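>>> no FASTA, just this:
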């Protein structure tokens, strides 16, 4: 199984992207998608933003569950109170581990927001944040 995770800012700009899972492992143990698949993953996630924007005003929960499908891939979404979108492209249908993954990443994102040197919609380059996202993925996904 392979996962592609992205945090999308309020201006629909990607502020963090991450690949993990059992797809071709790189030397550092992280999943590596072929370049054409990586571009397709980004396209699928960004095309799901339109659906997320329709659903977010109807549903009361922050965890929107599966919002879109493309071939055998599913897109799940979690919204923050500040309209930041956490999107996960995956091929499994289990909801609870994905919800727990989003909860852990949301907590790490809130801690990033508390950094006085971080501005909303700024790209997240923190190695600590990346490690927390990967640890949550390893734990739940």
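Good, I have the coordinates. A quick note: this is a predicted structure, and the numbers were derived from the prediction, not measured. Numbering: from 1, shown residues only.

>>> any idea which element residue 138 lies in?
Assessed by DSSP states H and E, residue 138 sits inside helix 127-140.

>>> buried set for that helix?
By neighbour count on 16 or more other Cβ atoms under 10 Å, the buried set for helix 127-140 is 129, 132, 133, 136, 137, 140. (C-beta placed from N, C-alpha, C; glycine too.)

>>> and stretch 63-77, by the same measure?
Buried residues in stretch 63-77 (16+ other Cβ under 10 Å): 63, 64, 67, 68, 73, 74, 75, 76, 77.

>>> which pair of these spans the longest distance?
63 and 73 (18.7 Å; Cβ to Cβ).

>>> sorry, back to before: nearest to residue 84, of the buried residues of stretch 63-77?
residue 77 (10.9 Å).

>>> surely that closest one and residue 84 touch.
No: contact status for residue 77 versus residue 84: not in contact, 10.9 Å apart, counting by Cβ atoms under 8 Å.

>>> what's near enough to touch the closest residue in space to residue 132 that isn't next to it in sequence?
The spatial neighbour of residue 132 that comes closest, neighbours along the chain excluded (Cβ to Cβ, 6 or more residues apart in numbering), is residue 108 at 4.2 Å. Shown in contact with residue 108 (Cβ atoms under 8 Å, 6 or more residues apart in numbering): 129, 132, 133, 136.
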